[in-house]
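Asks: sequence plus the predicted model coming up.
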Amino acid sequence: MQEITKETYLDWYENMFFWRKFEDKLAAVYIQQKVRGFLHLYNGQEAVLAGALHAMDLSKDKMITAYRNHVQPIGMGVDPRRVMAELYGKATGTSQGLGGSMHIFSKEHGFYGGHGIVGGQIPLGAGMAFGDKYNETGAVTLCYFGDGAARQGSLHETFNMAMTWKLPVVFVCENNGYAMGTSVERTANHTDIWKLGLGYEMPCGPVDGMNPIKVAEAFDEAIQRARRGDGPTFLEMKTYRYRGHSMSDAQHYRTKEEVKEYQKIDPITQVKNVILENGYASEEDIKEIDKRVKGLVAECEKFAEESPFPEKSLMYDAVYEQEDYPFLEHKL
């Protein structure tokens, strides 16, 4: 794994703070009804992405996840202005405004969604890894899902297949404690989700998902194992989301006190404290980073606001490959 240096911490802080503020801005414009439909925010889980990116080879490795998927493509290199434009449903978005919040996608940057079907991305991630093994690309796929999706039957079929074929894939359960509003304790006879890997003799284990160092170390070991041809790993990232499951979630299933307890180990605060304690930057330097981040978020918002909506004809072009589709009557 690359050494974790002063620059690593400064990058982690700026990136995680930007992801947090990006999501905060989306929450604000959602209330203004500029972003519609469902909106699932990543606040609190940033260390899982920061640590993963440190261990990945972004020139070839891939990532696939569920619908809490706005900041991952940004981390992979996608222009954040285009991500925000996609949420606005604008033509300049990553999918020309047709995908929206749950379906961000960029093949160019190795980010394969953004999937609204619970657990639907788990077999897809194994399929991507199968393609890389078959074509001998040396790439590894990181396949994310939540604690709710861990109860899907397709997970077991995929785990069995991935171990049988020794696919270069890292399965990652981002366990933020709740499947929508249902706690982990109420969904199974066990609370250690990582143990699901034991039935397939798959290397597996829990990880402190609030600490990017612990995340990076776990991912590095798993990615190197996959790249050697030794097969998949299953990691349970013990993390927490500070906002509701989605913007429509009233969060009656947990207390404000519980959220405050987890805010004491906020990954952004943890990294900031290391920076200040080691003299990697001063309070003034941190303020400059914060100012720069807020300026970039404002730039993303301006870009999305000023971008045009897609032409109506695009809806047909994106659905029908055959231009003279016989059962389609254009009335625009």
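Replies: Ah, there it is.

Asks: how many residues are close by the residue lying closest to L53 once chain neighbours are set aside?
Replies: Using CB to CB, 6 or more residues apart in numbering and skipping the chain neighbours, the partner closest in space to L53 is G75 (5.1 Å). Using the backbone N, CA and C atoms, a C-beta is placed for each residue, glycine as well. Under the neighbour criterion other CB atoms under 10 Å, G75 is assigned a count of 22.

Asks: and the longest helix seen in the chain, what does it pack against?
Replies: Scanning the chain for the longest helix, with DSSP state H as the assignment, gives helix 6-31. Counting contacts by 3 or more CB pairs under 8 Å, 6 or more residues apart in numbering; DSSP states H and E, helix 6-31 is packed against helix 46-55, helix 71-76, helix 80-87, helix 267-277, helix 283-306.

Asks: show me the contact partners of the first one.
Replies: For helix 46-55, the surrounding residues in contact (CB atoms under 8 Å, 6 or more residues apart in numbering) are 1-2, 4, 8, 12, 15-16, 19-20, 42, 63, 71-72, 75-76, 142, 172, 174, 209-220, 223, 237, 239, 267-268, 270.

Asks: what do you get if the cut-off is 6 Å, keeping everything else the same?
Replies: 1, 12, 16, 19, 72, 75, 174, 209-212, 215-216, 219-220, 223, 237, 239, 267 (CB atoms under 6 Å, 6 or more residues apart in numbering).

Asks: which helix or strand lies directly C-terminal to it?
Replies: In the C-terminal direction, the helix or strand that comes right after helix 46-55 (DSSP states H and E) is strand 62-64.

Asks: state the mean pLDDT of that following strand.
Replies: Confidence over strand 62-64 (mean pLDDT, whole number) is 98.

Asks: so what does that strand touch, helix or strand wise?
Replies: helix 121-135, strand 141-146 (3 or more CB pairs under 6 Å, 6 or more residues apart in numbering; DSSP states H and E).

Asks: what distance do you get for E261 to V293?
Replies: As judged by CB to CB, to the nearest Å, E261 and V293 stand 26 Å apart.

Asks: ok, the two, which is more surrounded?
Replies: For E261 versus V293, neighbours defined as other CB under 10 Å are more numerous around V293 (20 against 11).

Asks: quick one: buried ones out of the contacts of helix 46-55?
Replies: Neighbour counting over these (16 or more other CB atoms under 10 Å) leaves 12, 16, 19, 72, 75, 174, 209-212, 215-216, 219-220, 223, 237, 239, 267 as the buried ones.

Asks: is M237 located within a strand, as I assumed?
Replies: Yes - under DSSP: H, G, I helix; E, B strand; the rest coil, M237 sits within a strand.

Asks: that one touches G209, doesn't it?
Replies: Yes - contact criterion CB atoms under 6 Å: M237 and G209 qualify, at 3.4 Å.

Asks: picking up where we left off before, list the buried ones in the longest helix of the chain?
Replies: Buried-residue list, helix 6-31, by 16+ other CB under 10 Å: 8-10, 12-23, 25-26, 29-30.

Asks: ok, stretch 267-285 next?
Replies: Buried, per 16+ other CB under 10 Å, within stretch 267-285: 267-268, 270-272, 274-275, 280-281.

Asks: where does pLDDT dip in the stretch 51-200 of the chain?
Replies: For the stretch 51-200 of the chain, no stretch has pLDDT under 70.

Asks: and K256, how far from Q263?
Replies: In terms of CB to CB, K256 sits 10 Å off from Q263.
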